[in-house]
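**Student:** please work out how this folds:
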Amino acid sequence: MAGRERVVRMSVEQPLWRALTGYRVLTMVYAVLIFVFGSERYERPWVGVVYLTAMCVWNLATLPKVANAAGCTRRFLVADLAVALTGILLTPLADAHARSVDGPTLPSIWTAGSVLAFAIKGGWRWAGFASSLVAVANIVERGHPTRDTVHNVILVWVASIAIGYVVEVARASERTLARALEIEAATRERERLARDIHDSVLQVLAMVQRRGTALGGEAADLGRMAGEQEVALRTLVAGGLARPSLVSEDESEGAVVRVVEVDDEADGSAPVDLRALIAPRAGSRTTLSEPGAPVLLPPPAARELAAAVGAALDNVRVHAGEDAHAWILIEDWSDEVVVTVRDDGPGIPDGRLAQAEDEGRMGVALSIRGRLRDLGGSAEVVSVPGQGTEVELKVPRGKAGKQ
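**Tutor:** Numbers count the residues shown, from 1 in each chain. Below is the predicted model:
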């Protein structure tokens, strides 16, 4: 039994959480050193000591919270931002000259860590909200907007919103990658099943068809049904392996993301695989030869070409008899699609098609040539009495969708 494949989803934002953890530790040490080396200018240094002690304890105790998205909850983000805002507003209490001198606040650049946590967790909108509160707190702490205060506020705004925007794009790309990996795994599994079916069920059905036809009688009927089931199963397997996919663009996440979606009815303008339309025509007396890759055409062109093939096969059944064999060959070229229908019937006498048109029987003229003419293509009928008939249908790709 084949092992079950597991698709592992990698988090592209995990390195950002690790970087944020290191940033919070380094900026905590920086804030403490700034206070220690500038403590002589503080009128109430004990306020700074109490706050920085509480900040350090909080920062070290909550490091596991900022190590991943699961631990960094909304409640934690609000509390962490409250700690940063409290330090900013306490700065004038510790340093009475803080309003007149553009010195650092008690938490200094550690405050940016709280804003970055909002950005990584919730994207640029959350970052804009948190940085706005920090901006208001800095203006209140200074008493009025100063050049340095405005500069720092804009810097935090731009940096946090940009990081939040990048995080949203990274998450969209991560979801796309995970979806692509799932589709790839599912495709490999379908290919494995198709190989197993081909090596077992299809071969058995083909053998039953051959032996039944050779034995004759009721066995011939059994062989015919086995041949029909073989064709149906082969068509089902081929259709499951090569279905046309749609490409969608998601700009709401901050980037154009192309996602593979298996959806046959979501967009009527999506290309259609001609093989899937012609495959039901195959049977025990009709052999279909097709490329291994999808033969994609606009839906109207694919339907009309398939209908023309059906009309040609109907002519084989009516004029060549129920015992006649037919062969369908699909060729996919860079500039055109060619479908050839050949039979082993008695052929068409010279001038018979022109005579049929004169008599008002327009089967070939309308059902086959008329359809191909509307598509910008052509239909050529070649028949030799006693050697069967060949109908060659050509559709140029440049005109296939123009009707």
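**Student:** so where do the helices sit in the stretch 101-250 of the chain?
**Tutor:** Using DSSP state H, counting those that start in this stretch, the helices of the stretch 101-250 of the chain run over residues 111-122, 124-142, 147-197, 203-215, 218-241.
**Student:** pick the most buried one from those.
**Tutor:** Sort the helices of the stretch 101-250 of the chain by mean neighbour count, taking mean count of other Cβ atoms under 10 Å, and helix 111-122 sits at the top with a mean of 25. In short, each C-beta sits where N, CA and C put it, glycine included.
**Student:** quick one: list the elements packing against that helix.
**Tutor:** Other elements packing on helix 111-122 under the criterion 3 or more Cβ pairs under 8 Å, 6 or more residues apart in numbering; DSSP states H and E are helix 14-37, helix 74-94, helix 124-142, helix 147-197.
**Student:** output that helix as PDB, nothing but the C-alphas.
**Tutor:** C-alpha atoms of helix 111-122 as PDB (Å, rounded to 0.1, in the frame of the first residue of the first chain):
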ATOM      1  CA  THR A 111       8.300  51.100  22.300                       C
ATOM      2  CA  ALA A 112       8.700  50.300  18.600                       C
ATOM      3  CA  GLY A 113       8.800  46.600  19.600                       C
ATOM      4  CA  SER A 114       5.200  46.800  20.800                       C
ATOM      5  CA  VAL A 115       4.100  48.500  17.500                       C
ATOM      6  CA  LEU A 116       6.000  45.800  15.400                       C
ATOM      7  CA  ALA A 117       4.200  43.100  17.300                       C
ATOM      8  CA  PHE A 118       0.900  44.700  16.200                       C
ATOM      9  CA  ALA A 119       2.200  44.800  12.600                       C
ATOM     10  CA  ILE A 120       3.300  41.200  12.500                       C
ATOM     11  CA  LYS A 121       0.100  39.900  14.100                       C
ATOM     12  CA  GLY A 122      -2.500  41.900  12.300                       C
END
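**Student:** show me the shaky parts of the stretch 251-400 of the chain.
**Tutor:** Confidence mapping of the stretch 251-400 of the chain against pLDDT under 70 gives the ranges 251-269, 351-367, 399-400.
**Student:** ranges for the helices of it?
**Tutor:** 274-278, 299-315, 352-358, 371-374.
**Student:** of the ones you listed, which is nearest Tyr51?
**Tutor:** Closest to Tyr51 of the helices of the stretch 251-400 of the chain is helix 299-315 (Cβ to Cβ; 69.4 Å).
**Student:** mind listing what's buried along the closest one?
**Tutor:** Across helix 299-315, burial judged by 16 or more other Cβ atoms under 10 Å covers 300-302, 304-306, 308-313, 315.
**Student:** check stretch 313-330 too.
**Tutor:** Leu313, Asn315, Val316, His319, Ala320, Ala324, Ala326, Trp327, Ile328, Ile330.
**Student:** sorry, back to before: just send the buried residues of helix 299-315 back as a markdown table, with distance to Arg125 too.
**Tutor:** Formatted as a markdown table, the buried residues of helix 299-315 follow (distance: Cβ to Cβ, whole Å):
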| residue | distance to Arg125 |
| --- | --- |
| Pro300 | 45 |
| Ala301 | 46 |
| Ala302 | 45 |
| Glu304 | 50 |
| Leu305 | 51 |
| Ala306 | 50 |
| Ala308 | 56 |
| Val309 | 55 |
| Gly310 | 56 |
| Ala311 | 60 |
| Ala312 | 61 |
| Leu313 | 61 |
| Asn315 | 66 |
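**Student:** now flag whichever of the residues you listed is closest to Leu215.
**Tutor:** Leu313 (27.3 Å).
**Student:** ok, the closest one - contacts?
**Tutor:** Arg281, Thr286, Ala326, Ile328, Val341 (Cβ atoms under 8 Å, 6 or more residues apart in numbering).
**Student:** how about a cut-off of 7 Å?
**Tutor:** Arg281, Thr286, Ala326, Val341 (Cβ atoms under 7 Å, 6 or more residues apart in numbering).
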